[in-house]
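In: Would you be able to build a 3D model of this:
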Amino acid sequence: WKITKECIEQAAEETIGREKIINEKTWFNTECRIKIEEKAKARLKWLSSNRMEDEEDYKKLRSACNKYL
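Out: Numbering: from 1, shown residues only. A predicted model of the protein is given here:
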């Protein structure tokens, strides 16, 4: 079975060839990065101040960021 498998794989590679797998994330652009940075800043502000308003702002930004992504 091993020899048969190798023959099939070799024939397929010679006929079709191998395709390089490119792991690009074209959907992740600068807008995504900006939204994530805004969310991170809001989180740090909330953690340092521990105010309810800052927590609400962070939760709104987190929700908006998750919807965008």
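
In: Could you list every helix and strand that the biggest helix by length in the chain packs against?
Out: The longest helix of the chain (DSSP state H) is helix 30-49. Helices and strands touching helix 30-49, by 3 or more Cβ pairs under 8 Å, 6 or more residues apart in numbering; DSSP states H and E, are helix 52-68. Every C-beta, even on glycine, is put in place using the N, C-alpha and C of the backbone.

In: Distance check, Leu44 against Ile36.
Out: Using Cβ to Cβ, to the nearest Å, Leu44 is found at 13 Å from Ile36.

In: the more surrounded of those two?
Out: With other Cβ atoms under 10 Å as the criterion, Leu44 and Ile36 differ in neighbour count, and Ile36 comes out ahead with 15 against 12.

In: now this protein, which segments are flagged as low pLDDT?
Out: The chain contains residues with pLDDT under 70 at 21-25.

In: rerun that using 80 as the cut-off
Out: The chain contains residues with pLDDT under 80 at 17-28, 69.

In: List the contacts of Thr15.
Out: For Thr15, no contacting residues are found, by Cβ atoms under 8 Å, 6 or more residues apart in numbering.

In: what angle do the longest helix of the chain and helix 52-68 make?
Out: Per axes from the mean of the first three to the mean of the last three Cα atoms, to 10 degrees, the angle that helix 30-49 makes with helix 52-68 is 160 degrees.

In: Can you give me the buried ones in helix 30-49?
Out: Lys35, Lys39, Ala42, Arg43, Trp46 (16 or more other Cβ atoms under 10 Å).

In: Dump those residues to JSON lines, plus distance to Arg62.
Out: Conversion of those to JSON lines gives the following (distance: Cβ to Cβ, whole Å):
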{"residue": "Lys35", "distance to Arg62": "10"}
{"residue": "Lys39", "distance to Arg62": "6"}
{"residue": "Ala42", "distance to Arg62": "8"}
{"residue": "Arg43", "distance to Arg62": "8"}
{"residue": "Trp46", "distance to Arg62": "10"}
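
In: Right, I'll call it a day here.
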